[in-house]
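Engineer: turn this into a model:
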Amino acid sequence: MQILLAPFRAIWTAIYWTHDRATWQYDLMVIAILAFVWLTPPDWIGDPMAHGMGILGWLIGN
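Structural biologist: Okay, here's the model as predicted:
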């Protein structure tokens, strides 16, 4: 029963951000948010003021 609850607990703590600062879980969440912000191309979000592939396109060499 405990094994079945582990994934749900991980999702719960990620959604409600229950980790304390300076823990590896907190750092992982911050890295994931920053990666999303910096690596998501503006075209995917539908930003009318931006165009192209953003930093991801620059890294790939498009």
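Engineer: show me the contact partners of stretch 43-57.
Structural biologist: With Cβ atoms under 8 Å, 6 or more residues apart in numbering as the test, stretch 43-57 has contacts from 38-42, 60, 62. Every C-beta, even on glycine, is put in place using the N, C-alpha and C of the backbone.
Engineer: rerun that using 6 Å as the cut-off
Structural biologist: 38-39, 41-42, 62 (Cβ atoms under 6 Å, 6 or more residues apart in numbering).
Engineer: got a quick ChimeraX command for the buried subset of those residues?
Structural biologist: Those of the contacts of stretch 43-57 that count as buried under 16 or more other Cβ atoms under 10 Å are selected in ChimeraX with:
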select :41,42
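Engineer: show only the entries of the contacts of stretch 43-57 found in strands.
Structural biologist: Counted as lying in strands by DSSP state E, out of the contacts of stretch 43-57, is not a single one.
Engineer: next, format the contacts of stretch 43-57 as JSON lines and append distance to Ala50 and pLDDT.
Structural biologist: Below are the contacts of stretch 43-57 laid out as JSON lines (distance: Cβ to Cβ, whole Å; pLDDT from 0 to 100):
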{"residue": "Trp38", "distance to Ala50": "13", "pLDDT": "82"}
{"residue": "Leu39", "distance to Ala50": "14", "pLDDT": "80"}
{"residue": "Pro41", "distance to Ala50": "9", "pLDDT": "78"}
{"residue": "Pro42", "distance to Ala50": "3", "pLDDT": "77"}
{"residue": "Asn62", "distance to Ala50": "15", "pLDDT": "53"}
